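Enquirer: Quick one, what's the 3D model for this:
(one chain, ligands or ions: 2)
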Amino acid sequence: MNKYSAILVTGGCGFIGCNFIRYLFEQTGYRGKVVNVDALTYAGNPLSLADLTERFPERYTFIRADIRDRDAMAGVIDCHDIDSICHFAAESHVDRSIVKPDDFVTTNIMGTFTLLELARQHAGSIRRFHHVSTDEVFGSLGDSGYFTEDTPYRPNSPYSASKAGSDHLVRAYHTTYGLPVTISNCSNNYGPYQFPEKLIPLMILNALENKPLPVYGEGRNVRDWLYVEDHCRAVWDIFRNGIDGRTYAIGGDCEQRNIDLVQRLCVMLDDLVGSPAGKSSYADNIVFVKDRPGHDHRYAIDAARIRAELGWKPRESLGSGLRKTIRWYLENRAWTDHVRSGEYQNWIAEHYG
Ligand code: NAD
Ligand code: DAU
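Expert: Ligands and ions are numbered 1, 2, ... in the order given. Just a heads-up that it's a prediction; the model follows:
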């Protein structure tokens, strides 16, 4: 039984959003409509979902719009009888937020505010507002301990501060106006369709091009890696069965120091495609570079709540998830070439003006 029949997904041309929409169509019993709204920033790539327009013409719609544009978003909600919102759209890359925070503040905070206001105005019809957020709002851990839903907020980068601001607004709209919100704070995702500015796809594609593999500082920072499909399943579980007003922490149970992760990727690539010309391993290309300012030391999630309440747990180990990811990047060179060359931005200009 579907609770919802017209889901607005924001940021569906980005990494997690496109995996989520694919997951909905390909792996769940959802039979309703999905309206994907995305502004197509540098990180949004409609090619990631191009086949869905042909496979599900009655059920899948893509609209290029900016979540900060209240009139455009109101039009989408009204024209498509939207009954639920799954909100992924954001500026998502920490390094970019350090260089130029402007869009992080306007999209992540004001864009979320715009959607909340519209949901409030459509209180009779919007029955779920799920906000996808990050564990980075909790700041940084030392060598032990875990983030939970009760960890105090202590964001350290403009990105995480803007996500923290959006989380607070979402929670406030539940407490003040009774909006049926849920929030998830998850750890580092990886998998197919991830833009190669993030660590794992950047390392895979640089390695395949025999380029340097830049590791920040000494590579001792730890991340808790979550395979994107596991994350999508968690979001769908919360979307359908989460309790209004509640936050859920989602993690992959896969902690790894950056340097160990990059070395592991190199060994896997050596096995899968053979080491690069004149070198014994891709690991020979690792270079230690200047550290990220304010670099959070460690993230790790205790996902006990979502396990106990919704029966969710990650299915992929880091080994199995990385193998799938490397294979995907090897087998989808048309997508990676488009993204690496910036060619898809020309395609966007041609198709969407
Ligand atoms: P992404 O950068 O790959 O995709 C973001 C998408 O949002 C892009 O398609 C972009 O075009 C769109 N977008 C940006 N600004 C917009 C605007 N003003 N209006 C409409 N669309 C806009 O990001 P992602 O990695 O897929 O992350 C999705 C969500 O998950 C974000 O909210 C992010 O904070 C959160 N998150 C990501 C991770 C991760 O590891 N990638 C982990 C935890 C949480
Ligand atoms: O924890 C969730 C967050 O994970 C999300 O909210 C963010 O949207 C997502 O970008 C990610 O943030 P990180 O900063 O952890 O991810 P990134 O892939 O940029 O970096 C992962 C780690 O690798 C981090 O410690 C920095 C390091 N790094 C990154 C890059 C791009 C390197 O050492 N070299 C690099 O070239």
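Enquirer: Just name the shakiest helix or strand of the chain by mean pLDDT.
Expert: Within the chain, no helix or strand scores below helix 343-352, which has a mean of 81 by mean pLDDT, DSSP states H and E.
Enquirer: Please enumerate the strands of the stretch 1-150 of the chain.
Expert: With DSSP state E, counting those that start in this stretch, the ranges of strands along the stretch 1-150 of the chain come out as 6-10, 33-38, 60-64, 84-87, 128-134.
Enquirer: quick one: the first one to strand 60-64, angle?
Expert: Taking axes from the mean of the first three to the mean of the last three Cα atoms, to 10 degrees, one finds that strand 6-10 is oriented at 40 degrees with respect to strand 60-64.
Enquirer: ok, back up a step: of all the strands of the stretch 1-150 of the chain, which lies closest to ligand 2?
Expert: strand 128-134 (3.1 Å; Cβ to the nearest ligand atom). Where C-beta positions appear, they are placed from N, C-alpha and C, glycine not excepted.
Enquirer: that older thread, is any residue of the least confident helix or strand of the chain near ligand 1?
Expert: No: residues of helix 343-352 are not located near ligand 1 by Cβ under 6 Å from any ligand atom, the shortest gap being 9.9 Å.
Enquirer: Begin at 395 from now on, thanks
Expert: All right, first residue 395 from here; so that's helix 737-746.
Enquirer: returning to that earlier point: now the strands of the stretch 395-544 of the chain as JSON lines including mean neighbour count and distance to Ile577?
Expert: Shown next, in JSON lines, are those (neighbours: other Cβ atoms under 10 Å; distance: least, Cβ to Cβ, whole Å):
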{"stretch": "strand 400-404", "mean neighbour count": "24", "distance to Ile577": "15"}
{"stretch": "strand 427-432", "mean neighbour count": "24", "distance to Ile577": "20"}
{"stretch": "strand 454-458", "mean neighbour count": "19", "distance to Ile577": "25"}
{"stretch": "strand 478-481", "mean neighbour count": "25", "distance to Ile577": "10"}
{"stretch": "strand 522-528", "mean neighbour count": "24", "distance to Ile577": "5"}
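Enquirer: so who does Arg709 touch?
Expert: Contacts for Arg709 (Cβ atoms under 8 Å, 6 or more residues apart in numbering) come out as 621, 623-624, 627.
Enquirer: Work out for me the element Leu599 sits within.
Expert: Using DSSP states H and E, Leu599 falls within helix 593-602.
Enquirer: And that helix, what does it pack against?
Expert: With contacts taken as 3 or more Cβ pairs under 8 Å, 6 or more residues apart in numbering; DSSP states H and E, helix 593-602 sits against strand 607-610, helix 652-667, helix 712-725.
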